[in-house]
Structure formats: C-alpha cells, structure tokens
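Novice: Let's see this in three dimensions:
(one chain, ligands or ions: 1)
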Amino acid sequence: MHNRDAVFLEDLCPKLRVRRWRQSLHSYTGKSCIYCGNTSESIDHVIPLSLGGLSITENCVPACLSCNGDKSDKEAFDWYRQQKFYDPRRAMAIRAWMDGDLRLALRLLQWAQPNDIKDKEISKNSKLAAMNKDWSFQTV
Ligand SMILES: [Zn+2]
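Specialist: Numbers count the residues shown, from 1 in each chain. Now for the predicted structure:
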C-alpha cells in the first residue's frame, strides 16, 4: 500500500487515525506509564477533560490503568507529588511533554528509567513525533 493511500484511508476512518495516534503515544515511552514506569495500558489526560483539558498529544500521556484510575479527575501534578513512586525527573518529563518537547520528555524519562528507553528509540520516536504533529487534535 502506498503512503498516500494510508493517509486517504485515515481520512475516511477517523477511528483508525485515533487508534494510530494512541499507539504512537505509547510507542514514545516504550509502552511505559509516564508516572510510574509500569506498562502503559491507557492514555491519561494530564489536565482532565472535566477541567478543560484537550485531547491533544501535549495533554495525553501513556499511563497504566492503576495510575489513570487513581488520578482520575485530579490535577496531575498535585496527585503525582503524593505518590510513593513520585520521581521529579518524571514530573519534569511531563512538563516537557505538555510543552510539546517530546524529545526532552523522553530524555528525562530515560534518565528516570535507563533500561526501558534506548537512545536510538528516542531519536526515532522524536522524528515520529515531528511527523505526527498534524495528528495533534484528536478525539480520544
Ligand atoms: Zn502508572
């Protein structure tokens, strides 16, 4: 299949676009929860939808079900600081993620979790992130 056909297919099937977008978010962190490092099984809104958060890459992070459920509608940084697994490097990574600087975010996550995110994945994924810029606005 041609690349152009893929784009066309995504235009026809918004659900496919959303799925690919969600998958790309998980792939940035090597499928690990941005808060605790466990396997990410869901996408969390850093600023909850109920507080006006948007379904865009900058506000959506890979999270495990436990963190996602526990955080719920709370403000992410208040909630995160109270967790046993709180890591300031991860908090900085989340800030960078929200600023749209995925490259910095992944560097910080790698620092917090050296074995899970390899250098070459960071450059590959930040290239992907640049390519996916136009996917930012999505419904989750
Ligand atoms: Zn977690």
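
Novice: The ion contacts on this protein?
Specialist: 33, 35-36, 38, 64, 67 (Cβ under 5 Å from the ion). Backbone N, C-alpha and C define where each C-beta goes, glycine included.

Novice: run the last query once more with 8 Å
Specialist: When proximity is defined as Cβ under 8 Å from the ion, the chain approaches the ion at 33-38, 40, 63-64, 66-68, 85.

Novice: Keep only those of those residues that are in helices.
Specialist: 66-68 (DSSP state H).

Novice: Report the separation between Asn38 and Ala63.
Specialist: Distance, Asn38 to Ala63, using Cβ to Cβ, to the nearest Å: 9 Å.

Novice: Which one's more surrounded, those two?
Specialist: Higher neighbour count among Asn38 and Ala63: Ala63, with 28 against 15, using other Cβ atoms under 10 Å.

Novice: Now do the same contact list for that one.
Specialist: Ala63 makes contact with 33-35, 40-44, 71, according to Cβ atoms under 8 Å, 6 or more residues apart in numbering.

Novice: now Asp99, nearest residue through space, not along the chain?
Specialist: Glu58 (7.3 Å; Cβ to Cβ, 6 or more residues apart in numbering).

Novice: The one you found should be in a helix, yeah?
Specialist: Yes. Under DSSP: H, G, I helix; E, B strand; the rest coil, Glu58 falls within a helix.

Novice: Enumerate every residue touching it.
Specialist: Shown in contact with Glu58 (Cβ under 8 Å, 6+ apart): 97-100, 136.

Novice: what ranges do the strands span in the protein?
Specialist: Secondary structure of the chain (DSSP state E): strands at 42-45, 60-63.

Novice: can you give me phi and psi for Tyr35?
Specialist: Reported as degrees, to the nearest 10, the phi and psi values for Tyr35 are phi -90, psi -50.

Novice: and the closest residue to Ser27 other than its chain neighbours, what does it touch?
Specialist: Distances taken as Cβ to Cβ, 6+ apart place Asn125 nearest to Ser27, at 6.3 Å, with adjacent residues excluded. Contact partners of Asn125, counting by Cβ under 8 Å, 6+ apart, are 27-28, 102, 106.
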